[in-house]
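**Student:** requesting a structural model of the entry that follows:
(chains A, B, C and D)
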Protein chains: 2
Amino acid sequence: MRINYESNRKILEEKQVRPTAMRMLIFKFLAQKQMAVTLADIETAFEKSERTTIYRTIKTFEESGIVHLIEDGSGVAKYALCEAGCNCELDSDLHLHFHCETCKETQCLTETKIPHINLPPGFTATDASLVVKGTCDKCNKK
Amino acid sequence: MRINYESNRKILEEKQVRPTAMRMLIFKFLAQKQMAVTLADIETAFEKSERTTIYRTIKTFEESGIVHLIEDGSGVAKYALCEAGCNCELDSDLHLHFHCETCKETQCLTETKIPHINLPPGFTATDASLVVKGTCDKCNKK
DNA sequence: CCAAACAATGCACTTCCATTGCAGGTTTAT
DNA sequence: ATAAACCTGCAATGGAAGTGCATTGTTTGG
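**Tutor:** So this is what the prediction gives:
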């Protein structure tokens, strides 16, 4: 729908990313997915387009703070859209990621923040990543 | 020293891993290192031996609970010895890992356990991994 | 003690994912 | 309109993980 298209475009522009056709498509794809996706997932969804372009698009998104990288232990990098107003780089917005061992999907649990950690003396933290593994709500219902 | 050799051997045997020469060497290497190491690190330390052997040795160690895998976000798998009596698989022994962005080393902070996390309704956890990034005590002193 | 059975090792090869170089094509600013 | 900056597509590279198979080493049962 038109509205959505316009708002997506606005998000890209706000982050200083030119809203090319490819980027808009990939952004839309990410927005529709509830889960974190791999580069291969995007490739599969857009068979017509080039791996490299997708790769670089995601890199651009990552550097611009449009998506954030998630390493969930599956060995491949996954990406998910940052929430509106999210500053993933900052300590303040460290949410946790949940990897379901049944459906193999990874999602952001944006409501659940990483609790404050007391580090041993001498250590200073700039970033943290918490991945919880188990069974997600959907799979627990089955 | 002899004592150490014997005690290392005992550890392997307790975990049902045959103490071959190669395995003893790799175990010793891990025990001396304070940090988590990559397969490449071990390769470099033992140039004479085969990548595959090292790879499979570490796999064996991992499956037997002698080492645990750490994914610190550097993209490559790292391994560290489990503490005596550690049961890395169990919730009870989830310590945190610290990745120093200055020296690029990763270490276990075994004293610091992962705090209890309240998951949203429907989610059940079996495992968790917390990696904190920043500057370690040594690099902060420089 | 010897042979059969099993486990560990070495070598070659494959696969998967990430990344880069370069040559067009497109957009933007002057 | 034109140059500069940026984006895209294609080809190729690199690094790490993993597999198959033949060989060697180790254990165990007779």
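**Student:** now the helices for chain A?
**Tutor:** For chain A, helices defined by DSSP state H occupy the ranges A:2-14, A:21-32, A:39-45, A:51-63, A:137-141.
**Student:** got JSON lines for these, with mean neighbour count too?
**Tutor:** (Glycine included, C-beta is placed from N, CA and C.) JSON lines is the format used below for these (neighbours: other CB atoms under 10 Å in any protein chain shown):
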{"stretch": "helix A:2-14", "mean neighbour count": "12"}
{"stretch": "helix A:21-32", "mean neighbour count": "16"}
{"stretch": "helix A:39-45", "mean neighbour count": "15"}
{"stretch": "helix A:51-63", "mean neighbour count": "16"}
{"stretch": "helix A:137-141", "mean neighbour count": "13"}
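**Student:** mind checking which of these is nearest B:Tyr5?
**Tutor:** The minimum distance between B:Tyr5 and the helices of chain A falls on helix A:39-45, with 46.4 Å, by CB to CB.
**Student:** by contact count, what packs against that closest one?
**Tutor:** Other helices and strands packing on helix A:39-45, by 3 or more CB pairs under 8 Å, 6 or more residues apart in numbering or on different chains; DSSP states H and E, are helix A:21-32, helix A:51-63.
**Student:** can you list the neighbours in contact with that helix?
**Tutor:** Helix A:39-45 is contacted from outside by A:Ile26, A:Phe29, A:Lys33, A:Arg51, A:Ile54, A:Tyr55, A:Ile58, A:Val76, A:Ala77, A:Tyr79, using CB atoms under 8 Å, 6 or more residues apart in numbering or on different chains.
**Student:** picking that back up, any chance of JSON lines for the helices of chain A, columns distance to DNA strand C and mean pLDDT?
**Tutor:** Output for these, formatted as JSON lines (distance: least, CB to the nearest atom of the strand, whole Å; pLDDT from 0 to 100):
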{"stretch": "helix A:2-14", "distance to DNA strand C": "9", "mean pLDDT": "85"}
{"stretch": "helix A:21-32", "distance to DNA strand C": "8", "mean pLDDT": "95"}
{"stretch": "helix A:39-45", "distance to DNA strand C": "4", "mean pLDDT": "95"}
{"stretch": "helix A:51-63", "distance to DNA strand C": "4", "mean pLDDT": "96"}
{"stretch": "helix A:137-141", "distance to DNA strand C": "22", "mean pLDDT": "95"}
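**Student:** output these as CSV; include the columns distance to DNA strand D.
**Tutor:** Below are the helices of chain A laid out as CSV (distance: least, CB to the nearest atom of the strand, whole Å):
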stretch, distance to DNA strand D
helix A:2-14, 9
helix A:21-32, 3
helix A:39-45, 11
helix A:51-63, 3
helix A:137-141, 23
